[in-house]
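*Asks:* Could you work out the structure for the sequence below:
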Amino acid sequence: MKKVAIPIANKKISEYLCGCSHFAFYDMDTKNTTISKKEVIDFSNADEVRLWIKNNGITDLILHRIKKELIGIFTSEKINLFVGVPMVSAGQIIEAYRCGKLESDKKIITEITN
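*Replies:* Numbers count the residues shown, from 1 in each chain. Predicted coordinates:
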């Protein structure tokens, strides 16, 4: 099962993971998109992040930006990260993901990791 999480704010992908109002989850098996209710997650707490990943069955996380400190938590849980994704609607992102056209932005990755 592949399940994608996309942080949403103002009807499009949130600029930062911590600044989102809710999440859009896309299940590759069922082709269904669900919208979470406001989830208050302390992304600075690794145990809470791991529990959130497990409880939601997340395999992929699509973001615009992420704090460098969080990358290790997600990669240790074998979560695929797409970083630097344009700030557009979840529907547009999911369509690009489904078609295999979603790519991370190397410029933003360089900014985050340096």
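*Asks:* tell me which element Thr33 is part of?
*Replies:* strand 32-35 (DSSP states H and E).
*Asks:* for the record, mean pLDDT for that strand?
*Replies:* Mean pLDDT, computed over strand 32-35, is 89.
*Asks:* so how far is Lys2 from Pro86?
*Replies:* Pro86 sits at a distance of 21 Å from Lys2 (criterion: C-beta to C-beta, to the nearest Å). Where C-beta positions appear, they are placed from N, C-alpha and C, glycine not excepted.
*Asks:* Which residue ranges of the chain form strands?
*Replies:* 3-9, 12-13, 22-27, 32-35, 60-62, 80-82 (DSSP state E).
*Asks:* Looking at those, which is nearest to Glu69?
*Replies:* The closest of the strands of the chain to Glu69 is strand 80-82. By C-beta to C-beta, the value is 13.4 Å.
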